[in-house]
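*Asks:* okay, predicted coordinates and the sequence, questions at the end:
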Amino acid sequence: MGVLVDTTPLRVSPDFRRLWSGQAVSFVGSMITTAALPFQVFRQTHSSLAVGLLGLAQLGPLFICAVVGGGFADRLDKRHLLLAVTSAAVTCSAALAVNATLDHPQLWVLYVVGGAVGGVTAVSSTVLRSMLPLLVEDELRPAAYSLQAAYGSFGMMAGPAAAGLLIGGFGLTSAYLIDVASFGVALATFAAIAPSPPVSGGTAEAATSLLAGLRFLRGHRVVISVFAIDLVAMVFGMPRALFPALAERLGGGPVLYGLLLSSVAGGAFLAALASGWTARVQRQGRALLVAVGAWGVSVAGAGLAREPAAVLTLLGCAGAADMISGVYRSTIAANLTPDSLRGRVSGVEFAVYAGGPVLGDVEAGVVGGLAGITFAIVSGGIACVIGAALFAARVRGLATHQRPRPTDAATAP
């Protein structure tokens with residue numbers, strides 16, 4: 001097995017290839033909108049706190065739709081649900097484009113539609129996460145998650161950079177319209193995926209169904225810890241809401257703002273391309289903890305740097321560490337979750353993984369507004385390192401978790 005990313009899942013599974021391709025295209029468009037929304041809020045308000053409140057507006061819909069959407073993903077055909085939420089995403093992006101064309105764009109529209117975008121993204125991502133393990137064999141899951149991280153990190157790298165260029169050259173409306181077009185491509189690609197009906201055991205009533213997923217999580221401390229450590233890393237270590245103000249402090253404008261967002265993803269993308277080694281790591285829990293610690297150190301260093309090149313480089317290192325931790329978070333959770341509960345567990349997983357950065361926007365906006373940009377970024381990075389050390393000491397099951405042997409996978413529930 002080589003060092004470069006393993007593309008075997010794309011070759012052996014046509015439906016995984018379709019799922020991956022459609023999401024890769026639409027994700028770039030989504031990241032353009034994700035960058036454009038806070039920039040538009042900051043342009044209209046000149047307030048980092050207002051940018052943080054945008055995250056707060058997205059938080060409720062994101063959490064609710066992720067958990068509820070997970071139940072639907074286990075009880076409905078996943079392909080049909082994926083097509084429905086992708087259509088809803090087109091509507092949201094079109095509404096933002098219309099608002100941007102107004103002589104005086106309405107700030108409340110950004111918060112309301114931004115919240116709706118969070119809810120739609122939560123359901124879509126939950127369906128995608130629950131479908132992926134069903135499309136590849138157990139031994140190909142690390143490679144599949146690495147491929148998923150590759151398009152995700154590329155989208156987070158290319159999307160914000162493209163947003164900065166589009167906003168600077170053609171205005172905010174063009175950024176939102178590109179997102180509309182990307183979802184059109186995704187709809188056509190997802191329509192070719194084979195039906196994905198509920199797995200046996202996943203069709204119970206909604207309340208009972210949700211409780212079953214929560215009971216499973218309550219009994220699996222390692223899975224809960226995997227979610228919790230990512231929450232710590234994102235809440236305290238993700239300084240995304242401070243990037244508009246940081247770009248100004250570094251003497252830049254929309255282009256530098258886009259590069260700051262892209263730098264984290266750029267490091268993740270390069271790490272994903274060289275992720276072939278991740279499948280050979282036996283002590284996956286330890287690798288996860290080390291990666292989270294490296295994320296925190298890199299973020300703290302970026303907060304102390306004063307030159308744009310140094311800040312971008314350190315944020316790139318942080319992104320590489322986050323990509324590695326993401327591969328092991330997803331792999332550990334997938335290996336320990338029964339097929340009939342994947343939608344509900346994926347819903348909780350996405351609520352944590354996506355909600356963490358949103359909570360991080362609120363935390364960074366508040367701390368940055370009260371104590372300054374440097375303190376907010378550096379203290380957050382240090383908190384991540386301390387959190388990784390505490391998990392290593394207190395949750396021995398996570399620290400000692402190892403890749404299951406083939407015989408273990410064959411007998412897993």
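*Replies:* Cool, the structure landed.

*Asks:* for the helix or strand hosting Gln58, which residues meet the burial criterion?
*Replies:* In this assignment (DSSP states H and E), Gln58 forms part of helix 48-75. Buried residues in helix 48-75, counted by 16 or more other CB atoms under 10 Å: 48, 50-59, 61-63, 65-75. Just so you know, the C-beta spots here come from the backbone N, C-alpha and C atoms, and that holds for glycine as well.

*Asks:* do stretch 269-278 as well
*Replies:* Within stretch 269-278, the residues that qualify as buried by neighbour count (16+ other CB under 10 Å) are Phe269, Leu270, Ala271, Ala272, Leu273, Ser275, Gly276, Thr278.

*Asks:* now swap in stretch 185-194 and tell me
*Replies:* Of the residues in stretch 185-194, Val185, Ala186, Leu187, Thr189, Phe190, Ile193 count as buried by neighbour count, 16+ other CB under 10 Å.

*Asks:* out of these, which is nearest to Val5?
*Replies:* Among those, Thr189 lies closest to Val5 (CB to CB), at 20.7 Å.

*Asks:* and that closest one, what does it touch?
*Replies:* Under the criterion of CB atoms under 8 Å, 6 or more residues apart in numbering, the contact partners of Thr189 comprise Arg18, Ser21, Gly22, Val25.

*Asks:* show me the buried residues of stretch 185-194 that map onto helices.
*Replies:* Counting by DSSP state H, the part of those found in helices is Val185, Ala186, Leu187, Thr189, Phe190.

*Asks:* pLDDT on the helix or strand harbouring Leu270, on average?
*Replies:* In this structure, Leu270 is located in helix 254-273 according to DSSP H and E. Summarised as a single mean, pLDDT over helix 254-273 is 84.

*Asks:* got the CA positions of that helix in PDB?
*Replies:* Once non-C-alpha atoms are left out, helix 254-273 reads as follows in PDB (Å, rounded to 0.1, in the frame of the first residue of the first chain):
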ATOM      1  CA  PRO A 254     -11.500  39.900   0.600                       C
ATOM      2  CA  VAL A 255      -8.700  38.000  -1.100                       C
ATOM      3  CA  LEU A 256      -6.700  37.600   2.100                       C
ATOM      4  CA  TYR A 257      -9.900  36.700   3.900                       C
ATOM      5  CA  GLY A 258     -10.600  33.900   1.400                       C
ATOM      6  CA  LEU A 259      -7.000  32.700   1.700                       C
ATOM      7  CA  LEU A 260      -7.300  32.500   5.500                       C
ATOM      8  CA  LEU A 261     -10.300  30.200   5.200                       C
ATOM      9  CA  SER A 262      -8.600  28.300   2.400                       C
ATOM     10  CA  SER A 263      -5.400  27.700   4.200                       C
ATOM     11  CA  VAL A 264      -6.900  25.400   6.800                       C
ATOM     12  CA  ALA A 265      -8.500  23.400   4.000                       C
ATOM     13  CA  GLY A 266      -5.400  23.500   1.900                       C
ATOM     14  CA  GLY A 267      -3.400  21.800   4.600                       C
ATOM     15  CA  ALA A 268      -6.200  19.200   5.000                       C
ATOM     16  CA  PHE A 269      -6.200  18.600   1.200                       C
ATOM     17  CA  LEU A 270      -2.500  18.000   1.000                       C
ATOM     18  CA  ALA A 271      -2.700  15.600   4.000                       C
ATOM     19  CA  ALA A 272      -5.600  13.800   2.300                       C
ATOM     20  CA  LEU A 273      -3.600  13.300  -0.900                       C
END
